[in-house]
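>>> Sequence first, then the predicted structure, then my questions.
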Amino acid sequence: AAVLSSDVKNLTETNAAADISTSGTLTISDVDSDAHFVAQAGTAGLYGTFAIDADGAWTYTASSAHDEFVAGTTYT
């Protein structure tokens, strides 16, 4: 079975989509087979677009500034 890392980002909404866009790298290990992620390019969600490459490098790009976000609320 594969073992995956996790990643959490805390962002502050500032009226600019770039400020609520982020990136990171996940890790994976699997003693039974090659450990790699299935690349996903341009997976659209409610608030933006997610992408990950086969090495675990990921990006999230917000679709707008999302001025409707409320401080202290978690959005997924």
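Looks like it came in fine. Keep in mind that this is a model prediction, so the values were computed, not measured.
>>> Please enumerate the helices of the chain.
Counting by DSSP state H, the chain has no helices to list.
>>> so how many other residues sit close to residue 76?
Around residue 76 sit 5 other residues, with neighbours defined as other C-beta atoms under 10 Å. The C-beta positions use only the backbone N, C-alpha and C, and glycine is treated the same way.
>>> Quick check: it vs residue 46, distance?
Distance of residue 76 to residue 46, given as C-beta to C-beta, to the nearest Å: 9 Å.
>>> what's next to the lowest-mean-pLDDT helix or strand in the chain, contact-wise?
When each helix and strand of the chain is scored by mean pLDDT, DSSP states H and E, strand 3-4 comes last, with a mean of 85. Strand 3-4 is contacted from outside by 26, 27, 28, 29, 30, using C-beta atoms under 8 Å, 6 or more residues apart in numbering.
>>> who touches stretch 18-36?
Residues from elsewhere that reach stretch 18-36 (C-beta under 8 Å, 6+ apart): 1-7, 9, 11-14, 37, 48, 52, 54-62, 65-66, 69.
>>> now do the same end-to-end measure for it.
28 Å (C-alpha to C-alpha, to the nearest Å).
>>> hey, where'd the strands end up in this protein?
In the chain, the strands defined using DSSP state E lie at 3-4, 22-25, 28-29, 40-44, 48-52, 57-62.
>>> Export these as TSV, with columns for mean neighbour count.
TSV is the format used below for those (neighbours: other C-beta atoms under 10 Å):
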stretch	mean neighbour count
strand 3-4	12
strand 22-25	14
strand 28-29	12
strand 40-44	10
strand 48-52	17
strand 57-62	17
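>>> Comparing the ones you listed, which yields the minimum mean pLDDT?
Note on these: lowest mean pLDDT is at strand 3-4, with a mean of 85.
>>> Sheet partners, orientation included, of it?
Sheet partners assigned to strand 3-4 using DSSP bridges are listed as strand 28-29 (antiparallel).
>>> what about the partner strand, distance to the chain center?
Put simply, strand 28-29 sits 17 Å off its chain's centre (C-alpha atoms, centre = their mean, to the nearest Å).
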